[in-house]
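# predicted model and sequence follow; I will ask about them next.
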Amino acid sequence: MSGVDLFSMLPDHVLQHVLSFLPSRNAVLSSVLSRRWRHLWRSSPALRVPGPDASTFVNRFLLLRDGASPLRTLEIDVGHCSDEYADDDVDVWIRHGALTCQTLAFAASVNHPSEMLRLTRGPLAARHLTTLRLCSVRIDGDFLDLSRCPALVHLSLSKCLLDCKTIASSSLRRLSLADCSFVSSTKTSTRIATPSLRWLHLEGPPRCLLESMPSLTAATVLLLWGKGGKDCGSRSMLLDALSEATSLELMASSCRGQAILQRDLKWCPTFSKLKTLVLNEWCIYEDKSELACLLSHSPVLEKLTFEFSKKPSYELKTKGSYDTVTSEQKTFERLETVEIKCQEVGRRVFKVLIFPAQVSAS
């Protein structure tokens, strides 16, 4: 078998599949290998462009590729060179990919929100799209009304600036909002309407309103820096939508985040399926009423975890108590494990350790 080119014995569609995993610049360079390889890249089902100087290459690639071969993946990362591109460039690339792609991803690295490229031209319509990932872009208007993307199951937004009324999708199953800023120009919080959602990761300032998620199984909510969200009147911003989860993390590292969770407890739902709960400092006060409220509304809880930082990143404040615990609810029959993660054993740890005994004795 010495000297036999086994790789070239593979059929074209297999070689094109292999090329689809390479950065597209490298895929194009394969055209110099032999006459057979000259045009294989034109039918590659993926366009992957990392790094700067993407505009000319992407436009030429889309112009020269074989239009009869559907593009299934479009991933572009312009790095720190977003100022070299126009908003229309990104919009054209995404709209082009939306015609046939299953995966769309665009990322940039910016030092200031003013450097972000904007996506503004109406709702995205993509019949085949299953995954959409966007990083460090500004999204305005109704771009995230994803009702015209019936196959979409995974949406990831990271470090984006969101000026939109709604994030809506009836098919979405996984949603990640990491370090995004909500700057809605209206007087209401951005509404997240995803009734089929099963997994949620929400990390950042508390500026959104979660609608009902009856299929939810796991959620992580990390309320970090930022100013306060819009007042939602006499309704829950977060907890009511999370009530079907079996695994839940509720963390706050800002006064406003603490206030949102504290306020939501006034309408605390029953977490009838919740088996695993992770909390941090926000629910540990002198009277521990927030913790008592949560536990009393989690009748099948099996594992409770506390993650304490060395020092809270904000000053603990309390606004009254929650007289919602009945004698019937003050039991921990299903609770098997209480885990405390901390760097030092202090007052907060002792509060947690003596809390079940205090409740049982009351």
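Received it, and whenever you're ready, just let me know what you need.
# show me where pLDDT drops low in the stretch 201-350 of the chain?
206, 225-235, 285-288, 310-332, 344-350 (pLDDT under 70).
# what ranges do the strands span in it?
208-210, 218-223, 247-252, 276-279, 303-307, 337-341 (DSSP state E, counting those that start in this stretch).
# among those strands, which comes closest to Ser43?
With C-beta to C-beta as the criterion, Ser43 lies closest to strand 218-223 of the strands of the stretch 201-350 of the chain, at 39.3 Å. In this view, the C-beta of every residue, glycine as well, is placed from N, C-alpha and C.
# now that closest one against strand 247-252, angle please.
0 degrees (axes from the mean of the first three to the mean of the last three C-alpha atoms, to 10 degrees).
# elements contacting strand 218-223?
strand 199-204, strand 247-252, helix 255-264 (3 or more C-beta pairs under 8 Å, 6 or more residues apart in numbering; DSSP states H and E).
# distance to Ser31 added to those, as CSV?
Listed next are those as CSV, based on distance: least, C-beta to C-beta, whole Å:
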stretch, distance to Ser31
strand 199-204, 41
strand 247-252, 49
helix 255-264, 53
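# which one, of these, ends up nearest to Ala27?
Nearest of the helices and strands packed on strand 218-223 (C-beta to C-beta): strand 199-204, 32.4 Å.
# quick one: strands adjacent to the closest one?
Take DSSP bridges as the rule and strand 199-204 pairs in its sheet with strand 174-178 (parallel), strand 218-223 (parallel).
# now those as a markdown table including distance to His96 and mean neighbour count?
Formatted as a markdown table, these follow (distance: least, C-beta to C-beta, whole Å; neighbours: other C-beta atoms under 10 Å):
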| stretch | distance to His96 | mean neighbour count |
| --- | --- | --- |
| strand 174-178 | 25 | 18 |
| strand 218-223 | 34 | 20 |
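# how about those in CSV, adding distance to Phe143?
Below are the strands paired with strand 199-204 laid out as CSV (distance: least, C-beta to C-beta, whole Å):
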stretch, distance to Phe143
strand 174-178, 15
strand 218-223, 24
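# how long is stretch 96-110 from one end to the other?
24 Å (C-alpha to C-alpha, to the nearest Å).
# any buried residues in that stretch, and which?
Within stretch 96-110, the residues that count as buried by 16 or more other C-beta atoms under 10 Å are 96-98, 100-108, 110.
# repeat for stretch 248-266
Buried residues in stretch 248-266 (16+ other C-beta under 10 Å): 248-254, 256-265.
# now stretch 149-159
Neighbour-count burial for stretch 149-159 [16+ other C-beta under 10 Å]: Cys149, Leu152, Val153, His154, Leu155, Ser156, Leu157, Ser158, Lys159.
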